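> can't give you the sequence, but here's the structure:
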C-alpha cells in the first residue's frame, strides 16, 4: 500500500492547518478527562487498559514501536469463499486512537524497526502458508525475507536493526533463524527435534529468549520451558524447568527480568502472566478464567502489552507498570 499526499499551496495549507488545529484543540479540551482506553483493575489489583475491543479477534506480537506511539495490530474476521480466515492488519496510533490499515504484504502481526520506519511481519498466502516481508512505511515498498516453501513466522528486529529473527519449518521442525539484512545471509540458531519458537532479542542484542516444547503432559497439555541463547558463543541456557507451560517470554528493559505466560494455576486452555528475575523469583500479574499470552514489555518499561480472550474475542490489553511491579488500581 502506498499513501499519496496531496500538495496544498502554502497559504491555503497554513489556513487549513490553523483551522484543523483549532478544532483539534477544542476537541482535546472537551475530551481532556476522557481516557482513550478503558481502564479497570485486574484480579491481582494491577491497573489494566483495554486497547482493542472489536467483536472479532485482534492481536499483537511485539507490536509496539520503540517510541511507544504506535501499535501494529493483526486481525481475523470470518472466512472467505474457500473457508480460509479473512486476515488483515493496521497501525494504531496510541496517542490519538486513529487506525491506519496496512493491507498486503502484511496481513498478520508485525514488529517495528527501532526508528519506526519499517515493519517486519508475515503474509499469509491463499494456500495458508506464510512468508516474512519487510515493509517500508514511507515508500510503501516491500521485500521478502529469505523466501522458502516452508512456513515462516513471528519476525522481529535486533536492537541495532541489522538483523531479523524469525521461526521457520524449513528444516522440518520449528527452529529459530537469524537473517543479516545487509549481507542477506541466513543463520540457523536452534536445531532441536522439538518445537522452538517466539524468539526475542535481549535489550543489548547479545542474547535471544525463546520457548521450547519439552514434552506432552498426561492431561494432553504441553510442557514448554524458556531458554536463552548467547549469540556469540551459541550456548543455550534453560531458564525454567517446571512440568507446566512457561512460554511467550519477553525481556524487561534491564535484561535481568522476564514476563511470560504460564498455565501452572490455570484450567486447560487458560494461562496467566508472570514476571520473574533470572534467579527464578516470580510475581503473578494476571488471573482469571481466560487465556493471557504473547506478553511484550515495552522498551521504556511503562507497559506490558498482551493478548487475552477475557472479553470473549481475542483483544489487546496492557498492564501499567511501576518499575518491575504493576501499578495498583486506586
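Great, that's in hand. Source: prediction; values computed, not measured.
> got any ranges where the chain has weak pLDDT?
1-34 (pLDDT under 70).
> same thing but at 80, please
1-35, 43, 103-104, 126-128, 217-220, 265-266, 330 (pLDDT under 80).
> in it, which spans are helices?
Assigned by DSSP state H, the chain shows helices spanning 10-30.
> neighbours of the nearest residue to residue 257 once chain neighbours are set aside, how many?
In space, and not counting its chain neighbours, residue 257 is closest to residue 277: 5.0 Å by CB to CB, 6 or more residues apart in numbering. C-betas here are computed from N, CA, C, even on glycine. By the measure other CB atoms under 10 Å, the count of residues near residue 277 is 14.
> swap in residue 301?
14.
> and it, what does it touch?
252, 253, 321, 323 (CB atoms under 8 Å, 6 or more residues apart in numbering).
> then residue 117?
Residue 117 is in contact with 136, 137, 138, counting by CB under 8 Å, 6+ apart.
> now the contacts of residue 301: which count as buried?
252, 321 (16 or more other CB atoms under 10 Å).
> mind putting the contacts of residue 301 into JSON lines with distance to residue 101?
Supplementary listing: those in JSON lines, determined by distance: CB to CB, whole Å:
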{"residue": "252", "distance to residue 101": "32"}
{"residue": "253", "distance to residue 101": "31"}
{"residue": "321", "distance to residue 101": "30"}
{"residue": "323", "distance to residue 101": "36"}
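> wait, which of the contacts of residue 301 is closest to residue 39?
Ranked by distance to residue 39 (CB to CB), the contacts of residue 301 are led by residue 321 at 14.3 Å.
> tell me what that closest one is bridged to.
Taking DSSP bridges as the rule, residue 321 bridges to residue 326.
> surely it is in contact with residue 303?
Yes: with contacts counted by CB atoms under 8 Å, residue 321 reaches residue 303, the gap being 6.1 Å.
> okay, and the common contacts of the two?
With CB under 8 Å, 6+ apart as the test, residue 321 and residue 303 both reach residue 297.
> returning to what we had before: which one of the contacts of residue 301 is nearest residue 212?
residue 252 (20.8 Å).
> can you tell me the closest non-neighbouring residue to that closest one?
Nearest one to residue 252, counting by CB to CB, 6+ apart, is residue 297 at 5.2 Å.
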